[in-house]
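> Quick one: sequence and predicted model below, then my questions.
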Amino acid sequence: MDEFGKTEAALVAARRENLAALRSRGKDPFAQRRCEVDATAAELLARYAFLVPGQDAAAEGWSLAGRLLSKRTMGKTVFGDLSDRTGRLQIYVRKQDVGDEAFADWADLDRGDLLGVRGYMFRSKMGELTLHVTAFVAIGKALMPLPDKWHGLQDVEKRYRQRYVDMIVNPDVRETMMMRSRLIAEMRRFIDERGFYEVETPTLLHVAGGAAARPFVTHCNALDHEMQLRIATELNLKRLIVGGMERVYEIGRIFRNEGIDTSHNPEFTMLELYAAYWDVWDMLEFNEALIAHLVATVTGGATELPHGDATIDFTRPFARIDYFDAMAGYSDGKYRRDALLDPAGAAAIAHELGLPHSPTHGHALDKIFERVIEPHLLAPTFVTGYPVAISPLAKRREGDPEITDRYELFCAKMEISNAFTELNDPDDQRARFEAQVGERISGDEEIPDPDWDFVRALEYAMPPTAGIGIGVDRLIMLLTDQRSIRDVLLFPLQRQHG
């Protein structure tokens, strides 16, 4: 029930009666084909900010459209609030201006209905900028009532499931989604200006590789063959580097059959980018410049972003720390390189930390890192020098074959990006794939099947190349100060209702 004690069924019945009444007078809202719009709420509020109480701009008429979020009838006048994608604007309707017949329609309009209005701006005696309506038309009827309260924890699942209602009643949610769109467009512009080609690679693959993740499996009827949804775009993008495109990127949906939490959703957006003739340090400079640019885009040029009760500073250069130095530093010197590089030693450390049994050396290292280091990485920090055991596609560091030229960027205690100088030696890549086969047999279900055609591609020679993957959703979380990945996804994965 709403605050007046009516059930939803009663409210819907009343709205349908109002629709029937409008139709009986030839005012069917669903019959409208288009609506004249030449301004938005935000544009009018900015344009007429100079008006003082009691002053109007009657010489200039404007048309806009939006959703009626409230109406207050006082005899022969009505005040209401109209909301469009840019914000909310108060409207004022007077019987003597719109006529008896049109004014009668207000009795059959409900909160949530869509209207097209025309009028001029004035500032009310109370000081609020308002559109004085001279004509209006109903262009859509809300047959379902809008909730009065939608933020409570008891409604959180319903908010994600009915995102369309969430955006109607919570303008900040809609603004976050529009900011996401603007930031991805800005990301593309930044990358395009540096000579990269945006490409599209397959989502359906015979072998989903390029990451450690369990894939979703489906069936292609045309080929009568089991297929996998991609877990990364990496291997196909590097095939394009072999083919001579030299600078490529893709912003695409990735699918990993994994758990759901505040930083994971089984379907998410990833930016992957590859540049021939770069190494990991070139990519680090690019990565830092891109993040700093996006922060400046959000803040209007500042380098700091709010993060809950804290503030994160993105002044360049970002902090840098070696993987093994971080392991030792955040364990009071206990977890050192020799022990971590030894499978038995890593297993012992994981056991000491109370972590579940890991089927492989690499899996143990990942879990140790998540427990020991990640909780400390609030400020943007590049962690460099990852072991080969957890970097099957990265080039070994010169003079230190157990370490790779790889970094991960962390911020707000979560991974934002992963980059390395790409392994382009086909024999080394083949050997690492073969080692992964053994790890898969050992029970690590996140190890992908080897993509032997990728090894064949490397045999045609791939130039020195650096690559990066950036979790777009997590980056948007960071830039919009959201705590959950579901708050930056339009339609996060949910259990089926009912």
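Here it is on my side, so go on.

> Could you report the neighbour count for the residue nearest to Asp428 when sequence neighbours are not counted?
Using CB to CB, 6 or more residues apart in numbering and skipping residues adjacent in sequence, the residue nearest Asp428 is Arg396, 7.6 Å away. Where C-beta positions appear, they are placed from N, C-alpha and C, glycine not excepted. Here the count is done by other CB atoms under 10 Å, and Arg396 has 17 residues near it.

> Tell me the confidence at Arg396?
Confidence at Arg396, expressed as pLDDT, is 96.

> ok, it to Leu109 distance?
70 Å (CB to CB, to the nearest Å).

> where's Val133, which helix or strand?
Under the criterion DSSP states H and E, the helix or strand holding Val133 is strand 129-140.

> Distance from that strand to the middle of the chain?
In this view, strand 129-140 has its centroid 35 Å away from the chain centroid, taken as CA atoms, centre = their mean, to the nearest Å.

> now it: mean pLDDT?
Here the average pLDDT along strand 129-140 is 97.

> Could you export it as CSV, CA atoms only?
The C-alpha trace of strand 129-140 is given here as CSV (Å, rounded to 0.1, in the frame of the first residue of the first chain):
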residue,chain,number,x,y,z
LEU,A,129,12.5,29.3,-11.6
THR,A,130,9.3,28.0,-13.2
LEU,A,131,7.8,27.4,-16.7
HIS,A,132,4.4,29.2,-17.1
VAL,A,133,2.6,26.7,-19.3
THR,A,134,0.5,28.0,-22.1
ALA,A,135,-0.2,24.6,-23.8
PHE,A,136,0.4,20.9,-22.9
VAL,A,137,-0.4,17.4,-24.2
ALA,A,138,-0.2,14.0,-22.5
ILE,A,139,2.2,11.8,-24.4
GLY,A,140,2.3,8.7,-22.2
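
> Following element in sequence after it, please.
Note on strand 129-140: by DSSP H and E, the next helix or strand toward the C-terminus is helix 156-161.

> Which positions within the next helix or strand after that following helix qualify as buried?
Under the assignment DSSP H and E, the closest C-terminal helix or strand after helix 156-161 is helix 163-169. Buried residues in helix 163-169, defined by neighbour count with 16 or more other CB atoms under 10 Å: Arg163, Val165, Asp166, Met167, Ile168, Val169.

> OK, contacts around Glu374?
Applying CB atoms under 8 Å, 6 or more residues apart in numbering, we find Glu374 in contact with Phe410, Lys413, Met414, Glu415.

> Please list the members of those residues that lie in strands.
Among the contacts of Glu374, the members found in strands (DSSP state E) are Phe410, Met414, Glu415.

> what about the first one, how many neighbours?
Read that as Phe410. Using other CB under 10 Å, Phe410 is surrounded by 24 other residues.

> what helix or strand does Met187 sit in?
Using DSSP H and E, the element containing Met187 is helix 171-192.

> Can you mark which positions in stretch 330-344 are buried?
Residues of stretch 330-344 classed as buried: Tyr330, Ser331, Tyr335, Arg337, Leu340, Leu341 (neighbour count, 16+ other CB under 10 Å).

> my bad, should have said stretch 470-490
Buried residues in stretch 470-490, counted by 16+ other CB under 10 Å: 470-480, 482, 485-489.

> quick one, what contacts Leu109?
By CB under 8 Å, 6+ apart, Leu109 lies in contact with Asn18, Leu68, Lys71, Leu115, Ala138.

> Next one: it relative to Leu69, how far apart?
Here the criterion is CB to CB. By it, Leu109 lies 12 Å from Leu69.

> cool, and Phe286?
Per CB to CB, Phe286 is found 44 Å from Leu69.

> Make CSV out of the ones in strands among the contacts of Glu374 and add pLDDT and distance to Ala310.
Converted to CSV, those look like this (pLDDT from 0 to 100; distance: CB to CB, whole Å):
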residue, pLDDT, distance to Ala310
Phe410, 98, 15
Met414, 96, 14
Glu415, 97, 19
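
> one step back: what does the helix holding Met187 contact?
By CB under 8 Å, 6+ apart, the surrounding residues in contact with helix 171-192 are 83, 85, 87-88, 163, 166-167, 198, 249, 251, 271, 273, 290, 293-294, 297-298, 472, 475-476, 479-480, 482, 487-488, 490.

> Just give me the neighbour total for Ala389.
Residues lying near Ala389 (other CB under 10 Å) number 22.

> Looking at it now. What's its pLDDT?
Reported pLDDT at Ala389 in the predicted model: 93.

> residue boundaries of the strands in the stretch 351-498 of the chain?
Using DSSP state E, counting those that start in this stretch, the strands assigned to the stretch 351-498 of the chain run over residues 381-384, 396-397, 400-404, 406-411, 414-421, 465-471.

> other SSEs contacting the worst-scoring helix or strand of the chain on mean pLDDT?
Across the helices and strands of the chain, mean pLDDT, DSSP states H and E gives its lowest value to helix 156-161, namely a mean of 86. Packing partners of helix 156-161 (3 or more CB pairs under 8 Å, 6 or more residues apart in numbering; DSSP states H and E): helix 163-169.

> Need the residues that contact the helix it packs on.
For helix 163-169, the external contacting residues (CB under 8 Å, 6+ apart) are 67, 83, 112, 146-147, 150, 159-160, 173-174, 177, 490-491.

> for the stretch 1-150 of the chain, which spans come out with low pLDDT?
Applying pLDDT under 70 to the stretch 1-150 of the chain picks out residues 1-5, 149-150.

> which residue ranges form the strands in it?
Ranges of strands within the stretch 1-150 of the chain are 62-74, 77-84, 87-94, 114-123, 129-140, based on DSSP E, counting those that start in this stretch.

> What's opposite Arg320 in the beta bridge?
Note on Arg320: beta-bridge partners by DSSP bridges are Phe382.

> burial of it, as a residue count?
Number of residues near Arg320 (other CB under 10 Å) recorded here: 13.

> Quick one: residues contacting it.
By CB under 8 Å, 6+ apart, the contact list for Arg320 reads Thr381, Phe382, Thr384, Tyr407.

> For it, give its distance to Ala328.
Here Arg320 is placed at a distance of 16 Å from Ala328 (CB to CB).

> Same question for Gln494.
Applying CB to CB, the value for Gln494 to Ala328 is 42 Å.

> Between those two, point out the one with more neighbours.
Neighbours per residue (other CB under 10 Å) separate Gln494 from Ala328, with Ala328 holding more: 17 against 13.

> Please pull up the helix or strand immediately following the strand or helix carrying the more buried one.
Assessed by DSSP H and E, Ala328 sits inside helix 323-329. Per DSSP H and E, the first helix or strand lying C-terminal to helix 323-329 is helix 337-341.

> That next one - contacts with which helices or strands?
Helix 337-341 packs on helix 323-329, helix 343-352, going by 3+ CB pairs under 8 Å, 6+ apart.

> what residues does it touch?
Phe324, Met327, Ala328, Gly345, Ala346, Ala348, Ile349, Leu365, Ile368, Pro387, Ala389, Glu402.

> Need these in a markdown table (columns: distance to Ala41).
Shown next, in a markdown table, are these (distance: CB to CB, whole Å):
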| residue | distance to Ala41 |
| --- | --- |
| Phe324 | 55 |
| Met327 | 53 |
| Ala328 | 56 |
| Gly345 | 62 |
| Ala346 | 58 |
| Ala348 | 62 |
| Ile349 | 58 |
| Leu365 | 53 |
| Ile368 | 52 |
| Pro387 | 55 |
| Ala389 | 56 |
| Glu402 | 60 |
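
> and these, which are buried?
Among the contacts of helix 337-341, those classed as buried by 16+ other CB under 10 Å are Phe324, Met327, Ala328, Gly345, Ala346, Ile349, Leu365, Ile368, Pro387, Ala389.
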